[in-house]
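Dropping a prediction and its sequence here:
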Amino acid sequence: MGRREQQIEHLLRRAGFGGSPNEIDFYAEVGVRGTIDLLVYYDQVPDDVDSKIGQPGFVSVTTRGTFAPHLNITDARQRWLFRLAHSERPLQEKMALFWHNHFATAYTKIAGAYDGTEATRMLAAKPSEDRDGTKGQLELLREHALGNFRDLLVAVSKDPAMLVWLDGRDNIATRPQENYAREIMELFTFGVANVVEDDVKAAARVFTGWNLTRLGPSGAYYYRYEFRANRHDNTIKDFTFPIYPNGSGAIAANGEQEGIDLINALCAHPATGPRLVRKLWAYFVSEIADAPQPWVDRIAGIYYSTGYNMRAVVHAILSSPEFWDPSVVFARYSWPVEFVVRAIKETGWAGYSVDSALNPMLNMGQSLFEPPDVNGWDLGQGWFSTGAMLNRMNYAASLTTNQRINLRNEARPFAQTPQGVMSFVMERLSPATLEPQSYDELLAYLRAGTNWTASDNELRAKVAGVMHLVLGSSYYQLV
C-alpha cells in the first residue's frame, strides 16, 4: 500500500501542519486546486477551533486550575498547539507562525518589564476573553495573516508587545530609541544590505511618541498604544530613499502621520517585495534550492501590483509550477513545532495532551512565544544539532508509546504479515521516500525475535515501535 494522495500531503505539509487520515480524505475529495482555494480563502471557514478545546475527539490540554491562555503563558502555548493540530484554517495558523518569526517577540523580556500575566495578555489574549478587551500579538498576526502587509506593519508598530520588546515605549524626542527603527528596516522590510545609519537615526525620530499608556484602576492596570504628541520630534527627517511618490526623501513635521508615511515608503521600497518573497520561498517551497530570479520577480510583482496583498502573493506561490516541482518535495527542514504537530496529526491523539509536547519542543530548540532574539529562530539545518535530533527521537518514542493501544487497534486489519503492518505505517505517516535498505531494516525490526502471529501483545509493541523509528528517522524531518 503506497501513499495515496501525495500532492495533497505536500500541500498540507507546506500550507499547514500535515493532515490526519480524515483530513487527507476530505481534501482529496476537494482536489488540489479546490484545496488551495479553501486554504487561502479561509474566511469562508468558521474560526471556531478554540471552542473544541476540552471536547471529546480532540487532543487534550492539561489544566492547572482554570485553563487561562490569556493569562498564563503555558496555557497560551497549549492553545496555540491545539489550534495547529485542529484548525480548519491551517494556512491562517501557518502564516501566523511565519509572522511570529518575522516579527520575533519574546515573552521573557515583556514579563521582566511588567509581569507574566501582562506579558501573556500582550502576546496571546483574545479581546472576547480579556477583561479589558486586550488583543494579543498572536491574534493580531492571525487577523492579518493573509491581509495587507502595510496594514500588518502599521498594526505591529503599534502593538504593545512590540513596543516593549523593541523599546518603543521609551522612544521620546529628547532621547530617540533606535531599536525599532533599525529592525523595521533590517528585518521587517528591505533588509540589512539597504540600511544606512542616518536613516535609522531619522526613523527613530519619526517614531518618537509612539508609546504606551497605562489604563485601568490601581492593581488592574493594562497597556495600550498611544501617540504622545508632546514626546514627538517635530523637526524635518531626511532619508536616503524616497518617502513620497514625487521622490522626496524628507518627512516634514506631521505628528503620527510621519510614521505612517515611513511605513508606506518601506512597503513600496523595491527591495522589500523581493526580500519578503524569498523568505516565503524558503517557508513554503525550498530551503535547499535558492528561489529562481524569474520566480522572485513574478511573485514580487504581485506584491506590488496588488498593493501588498499577501493573500494574492501566497495563492500565487502555492499555485506556481515551482511549488509543485518534484525537486522541492521534502526540501524544507521541519521546525520543532511542525514536527510535533504533524506527528500528532498522523500518529493520533486519543488520551494525549499537548502539554506533553512543550518541554520536548523546548529541548528541540523552539518554544512558542520565545524566539531567541530579534532575528527569530535559526532555521533550516540550524534546527538539527545532535542533541535536538536526539530529542526528536525521544519525543517520537513518547508519542507512539502513548498511542500504542490505538495504533494496535487501527493496524489490526493489515496485520496478517509484517509487510502488511509496514503498509499501514507508510500509509499513516508521510516521510520522504525510504531507501530500500531503510525499508528492509524496518521490516527486519518487525520480524525480529518472533514468528509473526499478530497477537495483541505483538502488535502493541511492534506497531508503536516501527512508528517511532519512522518518526525519529531523517526521512521524517523534512516537509
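Perfect, I can see it now. Numbers count the residues shown, from 1 in each chain.

May I have the strand or helix carrying Lys462 as CSV, with CA atoms only?
Using DSSP states H and E, Lys462 sits in helix 456-471. Output of helix 456-471 as CSV, limited to C-alpha atoms (Å, rounded to 0.1, in the frame of the first residue of the first chain):
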residue,chain,number,x,y,z
ASP,A,456,-2.3,-8.3,20.6
ASN,A,457,0.9,-8.1,22.6
GLU,A,458,3.0,-8.3,19.4
LEU,A,459,1.0,-5.6,17.6
ARG,A,460,1.0,-3.3,20.6
ALA,A,461,4.8,-3.4,20.8
LYS,A,462,5.7,-3.6,17.2
VAL,A,463,3.4,-1.1,15.5
ALA,A,464,4.3,1.6,18.0
GLY,A,465,7.9,0.6,17.7
VAL,A,466,8.1,0.9,14.0
MET,A,467,6.1,4.1,14.0
HIS,A,468,8.7,5.5,16.5
LEU,A,469,11.6,4.5,14.2
VAL,A,470,10.0,6.2,11.2
LEU,A,471,9.1,9.4,13.1
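
which of the residues in that helix are buried?
Neighbour counts using 16 or more other C-beta atoms under 10 Å place 458-460, 462-471 of helix 456-471 among the buried residues. For glycine as for every other residue, the C-beta is placed from the backbone atoms N, C-alpha and C.

tell me which of the residues you listed is nearest to Tyr107?
Leu471 (28.6 Å; C-beta to C-beta).

what about stretch 262-275, how long is it end to end?
Criterion C-alpha to C-alpha, to the nearest Å; first-to-last residue distance in stretch 262-275 is 18 Å.

What segments of this protein are strands?
210-215, 222-227, 237-238, 250-251 (DSSP state E).

now those strands as a markdown table including mean neighbour count and mean pLDDT?
Shown next, in a markdown table, are those (neighbours: other C-beta atoms under 10 Å; pLDDT from 0 to 100):
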| stretch | mean neighbour count | mean pLDDT |
| --- | --- | --- |
| strand 210-215 | 16 | 97 |
| strand 222-227 | 18 | 97 |
| strand 237-238 | 18 | 98 |
| strand 250-251 | 18 | 98 |
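
Now Val154: closest residue in space that isn't a chain neighbour?
Spatially, and ignoring its direct neighbours in sequence, Val154 is nearest to Ile263 (5.6 Å; C-beta to C-beta, 6 or more residues apart in numbering).

What of Asp297?
Asp297's closest residue in space is Pro274 (C-beta to C-beta, 6+ apart), at 7.8 Å.

Any idea how many residues pack against the one you found?
20 (other C-beta atoms under 10 Å).

Poorly predicted segments of the chain, please.
Along the chain, segments meeting pLDDT under 70 span 1-4.

Break this structure into its domains for me.
6-328, 336-476 (automatic domain parsing).

Now do the longest one: distance to the chain's middle.
What that stands for is domain 6-328. Put simply, domain 6-328 sits 10 Å off its chain's centre (C-alpha atoms, centre = their mean, to the nearest Å).

What of the shortest one?
The offset between the C-alpha centroid of domain 336-476 and the centroid of the whole chain comes to 21 Å, using C-alpha atoms, centre = their mean.

switch to numbering from 489
Sure thing, new numbering starts at 489, so read that last one as domain 824-964.

Could you work out the end-to-end span of that domain for me?
Across domain 824-964, the terminal residues are separated by 12 Å (C-alpha to C-alpha).

And for stretch 686-703?
Terminal residues of stretch 686-703 lie 35 Å apart, using C-alpha to C-alpha.

so what's Ser841 bridging to?
Ser548 (DSSP bridges).

Neighbours of it, how many?
Counted with other C-beta under 10 Å, residues neighbouring Ser841 total 17.

For it, give me its contacts.
Applying C-beta atoms under 8 Å, 6 or more residues apart in numbering, we find Ser841 in contact with Val547, Ser548, Val549, Thr550, Gln566.

Leaving out the residues flanking it, which one is nearest to the first one?
Nearest non-adjacent residue to Val547, counting by C-beta to C-beta, 6+ apart: Trp837, 3.9 Å away.

Could you do the fourth one as well?
If you skip the residues right next to it in sequence, Thr550 has Asp843 as its closest partner in space, 3.6 Å away by C-beta to C-beta, 6+ apart.

gap between the one you found and Ser548?
Asp843 is 8 Å from Ser548, where distance means C-beta to C-beta, to the nearest Å.

Put together CSV for the strands of the chain, with distance to Gln543 on each row.
Output for the strands of the chain, formatted as CSV (distance: least, C-beta to C-beta, whole Å):
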stretch, distance to Gln543
strand 698-703, 35
strand 710-715, 31
strand 725-726, 53
strand 738-739, 52
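
Indicate which one of the ones you listed is closest to Leu878.
Nearest to Leu878, of all the strands of the chain, is strand 710-715, at 41.1 Å by C-beta to C-beta.

Give me the residues contacting that closest one.
Residues contacting strand 710-715 (C-beta under 8 Å, 6+ apart): 602, 606, 609-610, 620, 622, 646-648, 651, 697-704, 743-744.

are any of those buried, and which?
The neighbour-count test (16+ other C-beta under 10 Å) marks 602, 606, 609-610, 622, 646-648, 651, 697-700, 744 as buried among the contacts of strand 710-715.

Among those, which ones are in helices?
In this view, the buried ones among the contacts of strand 710-715 that belong to helices under DSSP state H are Glu606, Arg609, Met610, Pro648, Leu651.

of these, closest to Glu685?
Nearest to Glu685 among these, with distances taken as C-beta to C-beta, is Leu651, at 22.8 Å.

Isn't that closest one up against Thr701?
No. The pair Leu651 / Thr701 is not scored as a contact, 10.5 Å apart, by C-beta atoms under 8 Å.

and stretch 659-677, which residues are buried?
659-660, 664-677.

Quickly name whichever of those is closest to Pro860.
Nearest to Pro860 among the buried residues of stretch 659-677, with distances taken as C-beta to C-beta, is Leu675, at 13.7 Å.

wait, doesn't that closest one sit right on Leu641?
No. With contact defined as C-beta under 8 Å, Leu675 does not count as touching Leu641 (11.6 Å).

Val774: neighbouring residues, count only.
Heads up, residue 774 is Ser, not Val. Neighbourhood size, Ser774 [other C-beta under 10 Å]: 20.

so how far is Ala756 from it?
Ser774 is 28 Å from Ala756, by C-beta to C-beta.

What of Ser793?
Distance from Ser793 to Ala756, by C-beta to C-beta: 12 Å.

again, but for Pro814
Applying C-beta to C-beta, the value for Pro814 to Ala756 is 36 Å.

So between these two, which is more surrounded?
Using other C-beta under 10 Å as the criterion, Pro814 and Ala756 rank with Ala756 on top: 19 against 9.

Name the nearest residue to the more buried one, sequence neighbours excluded.
Distances taken as C-beta to C-beta, 6+ apart place Tyr792 nearest to Ala756, at 7.5 Å, with adjacent residues excluded.

now swap in Met877 and tell me
With sequence-adjacent residues excluded and distances taken as C-beta to C-beta, 6+ apart, Met877 is closest to Gln965, at 7.7 Å.
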